[in-house]
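A.B. asks: take this sequence and fold it.
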Amino acid sequence: MSSMTALHLQPVPDAPHPEPSVAHFRIRSALDPSALPRILENFALRNLVPLSLSARQVQEEMVIELSVAGLSQREEAHLRLRLLNILPVTSIEPAA
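C.D. replies: Residues are numbered from 1 along each chain as shown. Here you go, the predicted model:
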């Protein structure tokens, strides 16, 4: 015979959920038609959809600003390194 123990669960009060951290990227790239899809591919491969995205041409370069939620600091740092390895990308700065 097996012995059964009653499990008594106490209700847990609702704790405020911390807001998910949002990573902001300002990416500067050479003016290249493949830059934007190559940058976005890095987010798609991680199943991430940007909260916001803008891209504009500024003289002879492209400036892409995007925000994405759900990244740890380590994931964000790794993603920045991956983006810097894309040939047309010249720099990545934190976006305001």
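A.B. asks: would you map the helices across this structure?
C.D. replies: Assigned by DSSP state H, the chain shows helices spanning 35-44, 73-84.
A.B. asks: can I get those helices in JSON lines including mean neighbour count, distance to Arg26 and mean pLDDT?
C.D. replies: Any C-beta I mention is one placed from the backbone N, CA and C, and that applies to glycine too. Listed next are the helices of the chain as JSON lines, based on neighbours: other C-beta atoms under 10 Å; distance: least, C-beta to C-beta, whole Å; pLDDT from 0 to 100:
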{"stretch": "helix 35-44", "mean neighbour count": "16", "distance to Arg26": "12", "mean pLDDT": "96"}
{"stretch": "helix 73-84", "mean neighbour count": "14", "distance to Arg26": "11", "mean pLDDT": "95"}
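A.B. asks: need the contact list for the residue most central in space within the chain.
C.D. replies: Compute the mean C-alpha point of the chain, and by C-alpha atoms, centre = their mean the closest residue is Val68, 3.9 Å away. When the contact criterion is C-beta atoms under 8 Å, 6 or more residues apart in numbering, the partners of Val68 are Val22, Ala23, Phe25, Phe43, Leu48, Val49, Pro50, Leu51.
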